[in-house]
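[1] here you go, sequence then predicted model.
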Amino acid sequence: MGYPSFFLDRDGTIVEFVHYLVNEEDLRIPREVLIGLKDLAARNFKLIVVTNQSIIGRGLAEVSAVLDLTKILLRKLKDEGVTINLLLICPHAPSQECYCRKPRVAMALFADEVIGIDFPNSFMVGDSLSDMKFGAEMGMKTVFITRNAEQSPNANFNAKDMIQASRWIIENSSRE
Ligand SMILES: [Zn+2]
């Protein structure tokens with residue numbers, strides 16, 4: 001059966017959206033994200049980050065730079081009481097047509113291999129249409145963080161920020 005889990009996008013969802021984010025000084029975690037994630041972490045769900053980093057495949061950043069920034073992000077979250085159980089990166093450019101770039105689902109399948117996921121009782125939270133498609137494809141419930149009234153046919157709920165997202169998830173999760 002596996003664990004009910006929260007799948008989270010990184011850029012624009014956990015951290016403020018910055019084009020080709022690679023420098024620590026551009027890494028900003030909004031207050032409402034920390035509040036929302038703490039609420040989720042307290043519920044004992046697995047927290048899994050799935051992020052497309054075509055910045056690597058496009059040759060705009062070294063793998064090591066992306067991994068360094070990832071470590072900083074994980075430490076910042078941990079310092080705030082939020083432990084990420086698994087973080088998966090697709091390093092490919094769209095032209096490489098890999099199976100891991102969202103909305104393709106290889107990262108979800110890999111998470112299932114490593115942790116064991118109860119997909120029908122899991123959630124995908126993200127700010128892009130590909131995140132919603134990824135979640136729907138795996139039979140998860142989906143929460144769309146919308147900033148500009150964009151709509152997704154695959155979103156079960158539209159939230160303005162992570163606080164709203166986490167409240168809806170907690171209300172709609174079948175676990176205590
Ligand atoms: Zn990939």
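    Thanks, I have the structure now.

[2] off-centre distance for the one helix or strand in the chain whose mean pLDDT sits lowest?
    In the chain, no helix or strand scores lower on mean pLDDT, DSSP states H and E than helix 31-42, which sits at a mean of 90. Relative to the mean C-alpha coordinate of its chain, helix 31-42 is positioned 13 Å out (C-alpha atoms, centre = their mean, to the nearest Å).

[3] in that helix, what's buried?
    Using 16 or more other C-beta atoms under 10 Å as the test for burial, helix 31-42 gives 33-34, 36-37, 39-41. Using the backbone N, CA and C atoms, a C-beta is placed for each residue, glycine as well.

[4] determine which two of these are furthest apart.
    For those, the maximum inter-member distance is 11.9 Å, found between 33 and 41 (C-beta to C-beta).

[5] quick revisit: could I have the least confident helix or strand of the chain exported to CSV, CA atoms only?
    Taking C-alpha atoms only, helix 31-42 is exported to CSV below (Å, rounded to 0.1, in the frame of the first residue of the first chain):
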residue,chain,number,x,y,z
ARG,A,31,7.1,32.6,5.3
GLU,A,32,3.7,31.1,4.2
VAL,A,33,5.6,28.1,2.7
LEU,A,34,7.3,27.4,6.0
ILE,A,35,4.0,27.6,7.9
GLY,A,36,2.2,25.4,5.4
LEU,A,37,5.0,22.8,5.2
LYS,A,38,5.3,22.6,9.0
ASP,A,39,1.5,21.8,9.2
LEU,A,40,2.0,19.1,6.6
ALA,A,41,5.2,17.7,8.2
ALA,A,42,3.4,17.5,11.6
